[in-house]
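*Asks:* Sequence first, predicted model second:
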Amino acid sequence: MKDFIEKCKDRFYSEYLLYTALESELLFFVVCDAIFLTQVKKLTLEQISEITFLSLIFSLLVQYPLLKFVHRAGNSISLRLGSIVFLLSAICITFAPNYVTVLAGGFLKCIGNTLGAVGPAIMKKHLAGHGSENQFVSYQSDANGFAALVMMASSFFCGPLFAVNAYYPMFACILLCIGGVMVSFRITHNELFQETALPVSASRQSADGRQRAGHSFGVLLFSSFAIVTALSGVGLTYSRLNFQELLSGSGSEYVVSLLSIVSTMIYLFRFLSDLAMRKVYYKLGDNTYAIAGALLMAGLMLQVFPWFHSEVDAAGVLFMGYLMQAFVRDPYITLVQNSSLEGGNYRNQQSSLVAQNAAKKVGALLLAGASIIILHEGDILWVMTMMAAASGMNLLLSFMIMGKGRAKLQ
């Protein structure tokens, strides 16, 4: 606690915590998205699936043009513009009169996410300027943990707000997005004229970055990143279907209230994971990749297990598996960001972060496509089995990443 208070004396640190919390997701909407779009906007589940799929395709198509923009405009301007586009996304979705406008909101959200992906590079540069570059995992974990607490609070209040008026959670979402825009301008106002400067020993680090880019380490890292973010992101949607089957025939207010409780627990676990995995990383280093991979695989095995043992309380076991999926997400993303930002120059760091965003979209798209094919002929059990198998593949990749990481140190 004393360490946290000491860090908060740094204005940049406290503002970065707030920025990460407000810009990680469309708060409130992430809890009630399906209910809001079906009950309020009168969209069908098929239309919502189309919006998700088309948004992923659009996101992949704009990655390279957006990267070129980030290279030209710089991290600070990109971060500010991303926050503004994120706000426009929330406004589009809230006041959308039809399917096309909701889709436009989804597209804007993709653009905002990609532009905002450079946030960790700004943090890394700030730490490097103060001689604390090796503390990135600690600082980013703090930011993710604070974001989880804010998401937990928004999840808790989403249900009661929705019960009063279905639009109230979305109005709250817009207000928080406005706050995100304001913080994005504050966090970058001292960075605008410093972005051409390279870190100490830039020429050597740039050479190291180019050499590392050609290594299989990068391929392993981004492949694992794509799998983990898909299984702990889109994968949670399919895991949630197991719970929703128990709620057939229930009213929308009851469903949103229950989802609020579940989401609150999810974000509490994400907060705890940021605290725990940070300590594990500084003790075990790259071995943390395997620990996170094993936890993800265990969570998905729990998602499959109840189907084969009818005497087990399926709901409880599924819930535990659901929590374990969410537990590894933030720490794993921080690990990959730390590995990809080490020793790179300004442009390499931008490219790495945007490439991670693209890898996340590719993983989500492949998982969504495979799940649609499976569900066309089978049921949710086979989707969960496929996801459990993918987590096993990721665990193998984690061990390979550890081996490559040790090789780099020799």
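*Replies:* That came through fine. Numbering: from 1, shown residues only.

*Asks:* which secondary structure element contains C173?
*Replies:* In this structure, C173 sits in helix 168-188 according to DSSP states H and E.

*Asks:* Counting neighbours, which bits of that helix end up buried?
*Replies:* Buried positions in helix 168-188, judged by neighbour count with 16 or more other Cβ atoms under 10 Å: 168-170, 172-174, 176-181, 183-184, 187-188. Bear in mind the C-beta positions are built from the backbone N, C-alpha and C, glycine included.

*Asks:* Contacts for that helix, please.
*Replies:* 12, 15-16, 18-19, 22-23, 26-29, 31-32, 36, 75-77, 79-80, 82-84, 86-87, 90-91, 93-94, 122, 154, 157-158, 161-162 (Cβ atoms under 8 Å, 6 or more residues apart in numbering).

*Asks:* let's see 6 Å
*Replies:* 15-16, 18-19, 22-23, 26-29, 32, 76, 79-80, 83-84, 86-87, 90, 94, 158, 161-162 (Cβ atoms under 6 Å, 6 or more residues apart in numbering).

*Asks:* Please compute how far it lies from its chain's middle.
*Replies:* Relative to the chain's own centre, helix 168-188 is displaced by 18 Å; criterion: Cα atoms, centre = their mean, to the nearest Å.

*Asks:* now swap in stretch 61-76 and tell me
*Replies:* The answer for stretch 61-76 is 20 Å, by Cα atoms, centre = their mean.

*Asks:* Please work out the average pLDDT along that stretch.
*Replies:* Average pLDDT, stretch 61-76: 90.

*Asks:* Name the residues of that stretch that come out as buried.
*Replies:* For stretch 61-76, a neighbour-count test (16+ other Cβ under 10 Å) marks 62-63, 66-67, 69-70, 73-76 as buried.

*Asks:* can you check stretch 365-372 too?
*Replies:* For stretch 365-372, the neighbour count (16+ other Cβ under 10 Å) marks 365-368, 371 as buried.

*Asks:* Burial check on T101, number of neighbours?
*Replies:* Other residues lying near T101 total 14 when counted by other Cβ atoms under 10 Å.

*Asks:* Could you find the closest non-adjacent residue to it?
*Replies:* Leaving aside its sequence neighbours, T101 sits nearest to C92 (Cβ to Cβ, 6 or more residues apart in numbering; 5.7 Å).

*Asks:* Sticking with K42, tell me its helix or strand.
*Replies:* Using DSSP H and E, no helix or strand contains K42.

*Asks:* same deal with A389?
*Replies:* helix 380-409.

*Asks:* So what's the gap between that helix and the chain middle?
*Replies:* 18 Å.

*Asks:* and what of stretch 287-297?
*Replies:* Chain-centre distance of stretch 287-297: 17 Å, with Cα atoms, centre = their mean.

*Asks:* Flag every buried residue along that stretch.
*Replies:* For stretch 287-297, a neighbour-count test (16+ other Cβ under 10 Å) marks 287-293, 295-297 as buried.

*Asks:* Among those, pick out the one closest to G106, please.
*Replies:* Distance to G106 across the buried residues of stretch 287-297 (Cβ to Cβ) is lowest for L296, with 26.7 Å.

*Asks:* Need the pLDDT of Y254.
*Replies:* 67.

*Asks:* ditto for G369
*Replies:* What the model reports as pLDDT for G369 is 83.

*Asks:* what's the helix or strand for it?
*Replies:* Here G369 is covered by helix 346-377, with elements defined by DSSP H and E.

*Asks:* Taking their axis directions, that helix and helix 380-409 sit at what angle?
*Replies:* 160 degrees (axes from the mean of the first three to the mean of the last three Cα atoms, to 10 degrees).

*Asks:* one step back: which one of the buried residues of stretch 365-372 sits closest to T334?
*Replies:* L367 (21.5 Å).

*Asks:* what stretches of the stretch 151-300 of the chain score poorly on pLDDT?
*Replies:* Along the stretch 151-300 of the chain, segments meeting pLDDT under 70 span 189-215, 240-260.
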